[in-house]
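Q: Quick one: sequence and predicted model below, then my questions.
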Amino acid sequence: AAGVRFWDLGKWLAVGSLTGLGVMPLFLWLLNWFHGPETVAAFQAVLNVIGIANPIILSIPAMLVPVAANFLLTRNDHGARSLLGLGMRYTVQIELILAPLFLVLAIWPRTALILFYGKASAYCNETPSLRIAVVACILLIPVTVLLAVLTGAGKTKSNAVVLGAGAVASLACAPPLIYAGGVGGGVLSLIVNRGASGIVAIRLLLQSSSAAGGDPVSKSDFHSPPSAEISS
């Protein structure tokens, strides 16, 4: 029974992960196709700087998956509170933690690039792209939080739908953006990807709450989290 349950949850996580993993190689391939390997390197150089935030962002699923599962186990104590509200509360908290970093990178992008690569580096000219990357990183936080909430709620199929929506948006918008904008277009494509994923995640959580008649979640819509089965 446990193996069936793990497959039921894990198959959609695998689909979503594979979908998400295909997005970045697409951007790199398009950058190389339209502008050459130097542009690919510049794009990666910009992402390396914004990657300072990665330790916190990558820790979000480990923190929020059990929080969302516990939320379902004690949902009768939460009244009209929803999983979307839970996600938004954590989104605000994490955005505030990273706000000083985002402000520094947005206000002094050239200084940050110099610290990373030195004054003589050609990457120091990518200040507009770094500012756009800050916006992309800001959007990544709610997407990561809401995906973790969906996973913790056992709604892994919706998780795959969210990532699929971002991939479809990337397929549609990335080629013209990257062709016209180079590194900046590649970073704008990240914004499109994360914006589309975030909108779909919010809509799915709102629909779930509405279907449950205002309750945080309906039993027919969400699978019971694995922790609930183990504890019983």
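A: Happy to help now that I have it.

Q: residues touching the closest residue to Ser170 other than its chain neighbours, list them.
A: Spatial nearest neighbour of Ser170, chain neighbours left out: Asn193 (4.6 Å); criterion: C-beta to C-beta, 6 or more residues apart in numbering. In this view, the C-beta of every residue, glycine as well, is placed from N, C-alpha and C. Applying C-beta atoms under 8 Å, 6 or more residues apart in numbering, we find Asn193 in contact with 23, 166-167, 169-170.

Q: tell me the secondary structure for Asn193?
A: Three-state call for Asn193 (DSSP: H, G, I helix; E, B strand; the rest coil): helix.

Q: For it, give its distance to Leu139.
A: From Asn193 across to Leu139, the span is 9 Å (C-beta to C-beta, to the nearest Å).

Q: contacting residues for Thr39?
A: 31-32, 182-183.

Q: Highest neighbour count among those residues?
A: Neighbour counts for those, by other C-beta atoms under 10 Å, peak at Val183, which reaches 28 neighbours.

Q: That one against Glu126, yeah?
A: Yes. Between Val183 and Glu126 a contact is recorded at 6.0 Å, counting by C-beta atoms under 8 Å.

Q: Between the contacts of Asn193, which sits nearest Thr111?
A: Val23 (29.7 Å; C-beta to C-beta).

Q: can you pull the pLDDT of the closest one?
A: Residue-level confidence at Val23 comes out at 87, pLDDT.

Q: Quick one: residues contacting it.
A: 166-167, 170, 193.

Q: Pick out the most distant pair among those residues.
A: Pairwise distances across the contacts of Val23 peak at 7.4 Å for Ala167 and Asn193 (criterion: C-beta to C-beta).

Q: what does the average pLDDT come to for stretch 32-40?
A: 96.

Q: Can you get me the start-to-end distance on that stretch?
A: End-to-end distance for stretch 32-40: 6 Å, by C-alpha to C-alpha, to the nearest Å.

Q: just use 21 as the starting number from now, easier for me
A: Okay, residue one is now 21; in that scheme the one you just asked about reads as stretch 52-60.

Q: and Cys144, how far is that from Cys157?
A: For Cys144 relative to Cys157 (C-beta to C-beta), the value is 20 Å.

Q: So these two - more neighbours on which side?
A: Neighbour count, other C-beta under 10 Å: between Cys144 and Cys157, Cys157 has more, with 24 against 20.

Q: Now do the same for the more buried one: its pLDDT.
A: We have a pLDDT of 97 for Cys157.

Q: and it, what does it touch?
A: Counted by C-beta under 8 Å, 6+ apart, Cys157 has contacts 70, 73, 77, 118, 122.

Q: neighbours around the second one, how many?
A: Which is Ala73. Around Ala73 there are 20 residues (other C-beta under 10 Å).

Q: Return the member of the contacts of Val43 nearest to Leu170.
A: Gly186 (13.6 Å).

Q: Apart from its neighbours in sequence, what residue is nearest the closest one?
A: Ser217 (3.6 Å).

Q: show me the contacts for that neighbour.
A: Ser217 neighbours (C-beta under 8 Å, 6+ apart): 163, 167, 182-183, 185-186, 189.
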